[in-house]
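Peer 1: build me a structure from this.
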Amino acid sequence: MAWMSITQRCSVLFAWAVWSACTLSAQRGADVRQRVQEIEALSDGLRNAPQPAQLTHRARLLLELLDRDPASALPLMLSATEQAALRTALPEWGAAIESDGEWTGVLETVVEDDFQRGQSRIRYYLRARERSWEVHWPVSPAVSDGRGVRIAGLALEGRILATRASALPLGGAPKAGAACTTLGDQRTVVLLVDFPSKSLPPNATVASARDAFFGPGRSLNTMWQEYSYGRASASGDVAG
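Peer 2: I've put the predicted structure just below:
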C-alpha cells in the first residue's frame, strides 16, 4: 500500500476539491449558455410569429435562468414595446409575459442550507400588502433585510428581476407587509403530535418542549436573539 504523509494527503484532497469545483462551474456555465441560446431563439420566433407554446416555453426557461444566473437573464428580457405587442397578439397568455414595474414592501432574506451536498443559497422575498414576490438580483443587493424597500425591475410569474432598489424611510413600509417581517417577537405555537406510525419519545413533554423553544437556556429563542443581534426572538406556548 502506498504511503503518503499528511501533507501529501492534504495536497491530493485540495487538488481534488479544486478539480471538482472547476468541473461543476464549467457544467453550470454550459447549462446557462444553452438556456440563453434557447431563450434568444424563442424570443426571435415570438417577434416574427407569436405562438402560445413558444411563449410558455420561454417563460419556463427564463424562470430557470433567474434561479441559476439572474445577470444572464437581464439582457434577454423583452422591451416594454415588445411586451405590449405580445399582449395584443396573445391576450389570454399575459401571465407568461414579463412586465416592467415598481413594487414596495418589506425585504426578507431566507438562507437555505443543503447539508447533504454541503451547499447553501440565499433567497430574497418582497412582502407587500397584496402579495409576495421572490426577488432575483443581477448584483448583490444594497438594501437591508427587514427594511421597507422600493424595487424596480421586471416581474414574471411571482418573480422579480430587480434592476434598482432603494430603502424607504423608517416607517415607510406598508403596515401589512411589516406585520410579516422576520424581525421582532415571533409568536409561535408548538404542537406535540403522535402519529399512527411514529410516536413521540417519552421525554418529549410540554415542559421540555417549552424549554427547548422558549426557555432562557439554550433554546430557539436565545439562538434567534444571538444570531439576529437581539433583533428577533421567539415566544409562545406548547400544546399536546
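Peer 1: C-alpha only now, for contacts and for neighbours.
Peer 2: Will do.
Peer 1: lowest-confidence helix or strand of this structure?
Peer 2: helix 175-178 (a mean of 47; mean pLDDT, DSSP states H and E).
Peer 1: and the next helix or strand past it?
Peer 2: Next helix or strand after helix 175-178 toward the C-terminus (DSSP states H and E): strand 184-191.
Peer 1: buried residues, that next one. List them.
Peer 2: For strand 184-191, a neighbour-count test (16 or more other Cα atoms under 10 Å) marks 185-186 as buried.
Peer 1: from the contact counts, what lies against it?
Peer 2: strand 232-239 (3 or more Cα pairs under 8 Å, 6 or more residues apart in numbering; DSSP states H and E).
Peer 1: can you give me the buried ones in the strand it packs on?
Peer 2: 232-234, 238.
Peer 1: how near is G105 to R150?
Peer 2: Using Cα to Cα, to the nearest Å, G105 is found at 7 Å from R150.
Peer 1: higher neighbour count, those two?
Peer 2: G105 (30 against 19; other Cα atoms under 10 Å).
Peer 1: so that one belongs to a helix, correct?
Peer 2: No. Counting by DSSP: H, G, I helix; E, B strand; the rest coil, G105 is located in no helix; its state is strand.
Peer 1: please name the nearest non-neighbouring residue to it.
Peer 2: Of all residues beyond its chain neighbours, the one nearest G105 is A128 (4.3 Å), with distances taken as Cα to Cα, 6 or more residues apart in numbering.
Peer 1: excluding chain neighbours, what is closest to the residue positioned nearest the centre of the chain?
Peer 2: What sits nearest the mean C-alpha location of the chain, by Cα atoms, centre = their mean, is R123, with 2.4 Å. Using Cα to Cα, 6+ apart and skipping the chain neighbours, the partner closest in space to R123 is V110 (5.1 Å).
Peer 1: and that neighbour, backbone torsions?
Peer 2: phi -120, psi 130 (degrees, to the nearest 10).
Peer 1: and the gap between it and E130?
Peer 2: 20 Å.
Peer 1: neighbour count winner among those two?
Peer 2: Counted by other Cα under 10 Å, V110 and E130 do not tie: V110 has more neighbours, with 12 against 9.
Peer 1: check contacts around the more buried one.
Peer 2: Counting by Cα atoms under 8 Å, 6 or more residues apart in numbering, V110 touches 122-125.
Peer 1: pull out the buried members of these.
Peer 2: Buried members of the contacts of V110, counted by 16+ other Cα under 10 Å: 124-125.
Peer 1: restricted to strands, list the contacts of V110.
Peer 2: When DSSP state E is applied, the contacts of V110 are split such that 122-125 fall in strands.
Peer 1: confirm A30 sits in a helix?
Peer 2: Yes. A30 forms part of a helix when assessed by three-state DSSP.
Peer 1: could you check how many residues crowd around it?
Peer 2: That count, for A30 with other Cα under 10 Å as the rule, works out to 12.
Peer 1: and the gap between it and G146?
Peer 2: Taking Cα to Cα, one finds A30 at 36 Å from G146.
Peer 1: TSV for the ones in strands among the contacts of V110, including pLDDT?
Peer 2: Output for these, formatted as TSV (pLDDT from 0 to 100):
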residue	pLDDT
I122	87
R123	90
Y124	91
Y125	92
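Peer 1: show me where the chain dips below the pLDDT cut-off.
Peer 2: Along the chain, segments meeting pLDDT under 70 span 1-29, 170-181.
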